[in-house]
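*Asks:* Here is my input, please return the structure:
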Amino acid sequence: MRPKRAHPDKVAGRALTSLTSGLLAPVCRLRYMGTQNLPKSGGFIAVSNHASELDGITFTEYLFDNGYKPHVFAKQVLFRVPVVGLMFRDSGMIPVSRGSDKAANSLDIAEKLLREGKCVGIFPEGTLTRDPDLWPMEGKTGVARLALATRVPVIPIGQWGATNILGRYSRVLKAFPRKTVTLKAGPPVDLSEFYDKPITAELLRAATSKIMDAVTNIVGELRGETPPVRRFDLHLHPEYKKKQQTYPPLVRP
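*Replies:* Numbers count the residues shown, from 1 in each chain. I've put the predicted structure just below:
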């Protein structure tokens, strides 16, 4: 039996989650798998792939519906929008200032929440995937830094189907017919091999890659396809950084 749905503690936060649930229901049927892998108690990091703007809503719905109050990373700019910013803050979201000296603040906030036994939600890729076939790309190392600092469980959650409703960077919602989005949680990622070692850039990349391996494998299960041998790395393909609907052909190593 599924646990009772959780809700944000504050009124504006509840209003936001009620609004997003109401908007999602007519166009999307959510299918949940792997819920037995979600921790019964204590703080944990939930990570997921990111191929559609809808992923943020489906990801948080999965966690709320299974009894958690996730604190999800979101762009700082969204917190500056009147009313919306208040809703974001009151729903427990964590503002992220990309490319500034304040970027580490979000990790500090997340670490505090995790040590308090809360759930923190992260899209490690940091943006919508640029992989032409919508596979997860290499993640940013903040998630590994946070996981190694707290040693809480890292739960990989793969999701697939949202791009059939709202394509990557699309503004056209394909509302009908109603479509299914499947989300599946896997077992915690074992990062013990990285514990008690000097924190280097190489170690953080290796830990991040292991986390993304777990997410990618779940996405492969949901798609019924074999993931690429090597994930797309945005740093190696600057021509893909611009938001666009058509990407150059990708030659994988």
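*Asks:* check contacts around Ala110.
*Replies:* Neighbour list for Ala110: 71, 73, 94, 120, 122, 146 [criterion: C-beta atoms under 8 Å, 6 or more residues apart in numbering]. (C-beta placed from N, C-alpha, C; glycine too.)
*Asks:* switch the cut-off to 7 Å
*Replies:* By C-beta atoms under 7 Å, 6 or more residues apart in numbering, the residues touching Ala110 are 71, 94, 120, 146.
*Asks:* buried residues in the biggest helix by length in the chain?
*Replies:* In the chain, with assignment by DSSP state H, the single longest helix is helix 201-223. Residues 203-204, 207-208, 210-212, 214-216, 218-223 are the ones in helix 201-223 that count as buried (16 or more other C-beta atoms under 10 Å).
*Asks:* sorry, back to before: by pLDDT, give me the weakest of the contacts of Ala110.
*Replies:* Within those, pLDDT reaches its minimum at Ile94, with 93.
*Asks:* Give me the neighbour count for it.
*Replies:* 23 (other C-beta atoms under 10 Å).
*Asks:* Thought Glu111 was touching it, still the case?
*Replies:* No. Ile94 lies out of contact with Glu111 (C-beta atoms under 7 Å); the separation is 10.7 Å.
*Asks:* on that earlier part again, which outside residues touch the longest helix of the chain?
*Replies:* Contacts for helix 201-223 (C-beta under 7 Å, 6+ apart): 47-49, 124, 135-136, 138-139, 141, 143-145, 147-148, 154, 156, 158, 160, 182, 184, 186, 189, 191, 194, 197, 226-227, 231.
*Asks:* Return the mean pLDDT over that helix, rounded to an integer.
*Replies:* Rounded mean pLDDT across helix 201-223 is 98.
*Asks:* Helices along the stretch 51-200 of the chain, start to end?
*Replies:* 55-65, 84-90, 103-115, 142-150 (DSSP state H, counting those that start in this stretch).
*Asks:* Among the ones you listed, which comes closest to Ile165?
*Replies:* Closest to Ile165 of the helices of the stretch 51-200 of the chain, according to C-beta to C-beta: helix 55-65, at 9.5 Å.
*Asks:* Run the chain-centre distance for that closest one.
*Replies:* Helix 55-65 sits 9 Å away from the centroid of its parent chain (C-alpha atoms, centre = their mean, to the nearest Å).
*Asks:* Please save the CA atoms from that helix in PDB.
*Replies:* Output of helix 55-65 as PDB, limited to C-alpha atoms (Å, rounded to 0.1, in the frame of the first residue of the first chain):
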ATOM      1  CA  ASP A  55      10.400  16.300 -15.400                       C
ATOM      2  CA  GLY A  56      10.600  18.600 -12.400                       C
ATOM      3  CA  ILE A  57       6.900  18.200 -11.800                       C
ATOM      4  CA  THR A  58       6.800  14.400 -12.300                       C
ATOM      5  CA  PHE A  59       9.900  13.900 -10.100                       C
ATOM      6  CA  THR A  60       8.400  15.800  -7.200                       C
ATOM      7  CA  GLU A  61       5.000  14.100  -7.700                       C
ATOM      8  CA  TYR A  62       6.700  10.800  -7.300                       C
ATOM      9  CA  LEU A  63       8.300  11.800  -4.000                       C
ATOM     10  CA  PHE A  64       5.200  13.600  -2.600                       C
ATOM     11  CA  ASP A  65       2.900  10.700  -3.600                       C
END
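*Asks:* Packing partners of that helix?
*Replies:* Secondary-structure packing of helix 55-65 (3 or more C-beta pairs under 7 Å, 6 or more residues apart in numbering; DSSP states H and E): helix 11-24, strand 28-33, strand 44-48, strand 119-122, strand 154-160, strand 179-185.
*Asks:* That helix to strand 179-185, inter-axis angle?
*Replies:* If you take axes from the mean of the first three to the mean of the last three C-alpha atoms, to 10 degrees, helix 55-65 sits at 60 degrees to strand 179-185.
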